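Peer 1: just to be clear, the model below is a prediction. Sequence and coordinates:
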Amino acid sequence: MSRLNKKFMVVCVLVFIIGIFSMMALAADDAESQRRELAQKYKNAEPGESFLVGHITFHLSQEYSMMVLQSIEQACRQLGLQFSSSLATSDAEWIQQTQSMIAAGAKAIIYNCPSVSIIPELAKICNDNKVFLATYFGLTAETFPGDFGPYWVIDNTPMSDEQTFLPLVLLFQKMRDNGKTKFLHIQASTTNATISTALINLGVFQAWKLYPEIMALGHQWGEWNYEGGRKAAEAALAVRQDYEGLWGANDSVTIGALRALEDRGLNIGPFTASRDMEMTTAEEILQGNFLCTCGFDIPYYGGRLVPMLYDMCVGEWYPLPEEMIQAPELSVYGKPGDLEKLAEAAGIDDHPNFKVGPTEENLEKILKKMKDRQPEYPYDFRLMSYSKCKELGLEFDIHAGAGTELGRHNFIYAASLEKFGSVDAFKKHVIALMEYFLDFSVADTWEEAEEYAKTFPPELKVDPIWK
């Protein structure tokens, strides 16, 4: 090849690369322009304005719910906003509390595990009054943010399958190492946060596939709280008493179940795993009475919606469709050294989603704040608001000033994960998920689960990778 031809090829490659980067820059500019236009169109307040942010929750009998409430209140205080919180235990109360907060001047309302059957009605109320709402665990096969008008466009729900797969693999590996095969499986709920129930059950399936000798027993419902966990374990004990491991849908349920088992002389705490990373569970882990849990930095997860909603209210930011479904990044917590050895034996030590968090440091510096009269978690939520950073001359920080040592302190857009790649594909996955995994009592053995899997549609993505 002549020198002239080589130079020509180099020039062509450079032109091609420049063209690619130019197109990417234009696409980014177009997205930002679209976001800005939407933000200005739907804004309902001005920068620096102090307005009411409401919070409605389905219960407060769980450490998770308490920390979410506390962190929202902290974020409102830091951003100079007013705060009001209430409890809703029926569809009528969800509607009544929403109307009451709007009447009091709320510009944004955050729902924790709302009654999904009335989300369309709640969204209509908020749309009619130009009030933004955001949800934790609000999406289902029938309800997606963005489908009910411009004011419900944020849902914040963990990828609970990932949050189950990682700790459950570690539990199953420890059971295998010790010749144990029978684990008590306690499900969540068919009425509250049902998207998480189905995702958790998918995570059970994903982990179980690697340990076909394991038997999944019980399948009772824990209803997300301590008392529900106790009742579920007591019901399971009425059937048999030879359980060798325990998995519960969240920490509160699992601690309740563990206490019921201990009351009957069944001490399987070291073979117990769960998800959430609550204070009581962290203490049990450090005492050697709980193997591990998988957490999503609850106070960060709770408080971060306030600066996001503030930016939406004042017209600084608005999500594009692929940004409406959000999920926190996760860490696994256990006794130092134990989880790394189990992960290596299980072959997940290099899994792209596997990260071990510092249990004791997290407990001391974050979780124990829950017990303070006015908790002050180690986050400056002003730093997560584009508008507040402009107003106050601060530098934006997605980690809210807390770094990534105690937890991940970050989130992803679930629909953008490689295995989905689009909002439409994610929706189809959720629709199939709710049909096949809302109740996973169909199998006690892997052979039964494997037979059940033959009925899965291709829209249901069961590969345990979240990147």
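Peer 2: All right, it came through fine. Numbers count the residues shown, from 1 in each chain.
Peer 1: where do the strands sit along the stretch 301-450 of the chain?
Peer 2: Remark: strands assigned in the stretch 301-450 of the chain by DSSP state E, counting those that start in this stretch are 325-328, 331-334, 411-413.
Peer 1: other residues contacting the second one?
Peer 2: Read it as strand 331-334. Under the criterion Cβ atoms under 8 Å, 6 or more residues apart in numbering, residues 166-167, 170, 277, 282, 285, 291-295, 297, 339, 354-359, 362, 407-408 lie in contact with strand 331-334. All C-beta spots, glycine's among them, are computed from the backbone N, C-alpha and C.
Peer 1: distance between that strand and the chain's centre?
Peer 2: A distance of 15 Å separates the centroid of the chain from that of strand 331-334, by Cα atoms, centre = their mean, to the nearest Å.
Peer 1: what about it, average pLDDT?
Peer 2: Mean pLDDT, strand 331-334: 98.
Peer 1: likewise stretch 421-439?
Peer 2: In this model, stretch 421-439 carries a mean pLDDT of 98.
Peer 1: now do stretch 218-228
Peer 2: Mean predicted lDDT for stretch 218-228 stands at 97.
Peer 1: and residue 378, how many residues sit next to it?
Peer 2: Residue 378 has 15 neighbours, counted by other Cβ atoms under 10 Å.
Peer 1: give me the below-cutoff pLDDT ranges for this protein.
Peer 2: Low-confidence segments of the chain (pLDDT under 70): 1-28.
Peer 1: which residue ranges make up the domains of it?
Peer 2: 41-158+296-328+378-416, 160-295+331-373+437-453 (automatic domain parsing).
Peer 1: give the burial count for residue 29, as a bare number.
Peer 2: Neighbours of residue 29 (other Cβ under 10 Å): 10.
Peer 1: distance check, it against residue 35.
Peer 2: Here residue 29 is placed at a distance of 11 Å from residue 35 (Cβ to Cβ, to the nearest Å).
Peer 1: same check on residue 42?
Peer 2: Applying Cβ to Cβ, the value for residue 42 to residue 35 is 11 Å.
Peer 1: intersection of neighbour lists for those two?
Peer 2: In contact with both residue 42 and residue 35: residue 318, using Cβ under 8 Å, 6+ apart.
Peer 1: with mean neighbour count and distance to residue 120 added, can I get the strands of the stretch 301-450 of the chain in CSV?
Peer 2: Converted to CSV, the strands of the stretch 301-450 of the chain look like this (neighbours: other Cβ atoms under 10 Å; distance: least, Cβ to Cβ, whole Å):
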stretch, mean neighbour count, distance to residue 120
strand 325-328, 24, 17
strand 331-334, 26, 35
strand 411-413, 18, 23
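Peer 1: any chance of those in a markdown table, plus distance to residue 117?
Peer 2: Formatted as a markdown table, the strands of the stretch 301-450 of the chain follow (distance: least, Cβ to Cβ, whole Å):
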| stretch | distance to residue 117 |
| --- | --- |
| strand 325-328 | 20 |
| strand 331-334 | 33 |
| strand 411-413 | 26 |
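Peer 1: quick one: closest of these to residue 183.
Peer 2: For residue 183, the closest of the strands of the stretch 301-450 of the chain is strand 331-334, at 17.0 Å, according to Cβ to Cβ.
Peer 1: tell me which residues of stretch 389-403 come out buried.
Peer 2: Applying a neighbour-count criterion of 16 or more other Cβ atoms under 10 Å, the buried positions in stretch 389-403 are 389, 391, 397, 399-400, 402.
Peer 1: nearest to residue 68 among those residues?
Peer 2: Checking the buried residues of stretch 389-403 against residue 68 with Cβ to Cβ, the nearest one is residue 400 at 14.9 Å.
Peer 1: which ones are touching the nearest residue to residue 353 once chain neighbours are set aside?
Peer 2: Take residue 353 and drop its neighbours on the chain: the residue closest to it by Cβ to Cβ, 6 or more residues apart in numbering is residue 466, 5.2 Å away. Residue 466 makes contact with 159, 161-162, 352-353, 412, 417, 419 under the criterion Cβ under 8 Å, 6+ apart.
Peer 1: if we use 10 Å, what do you get?
Peer 2: By Cβ atoms under 10 Å, 6 or more residues apart in numbering, the contact list for residue 466 reads 159, 161-163, 165-166, 327, 329-330, 351-353, 412, 414, 417-419.
Peer 1: which among these end up buried?
Peer 2: For the contacts of residue 466, a burial check counting by 16+ other Cβ under 10 Å picks out 159, 161-163, 165-166, 327, 329-330, 351, 353, 412, 414, 417.
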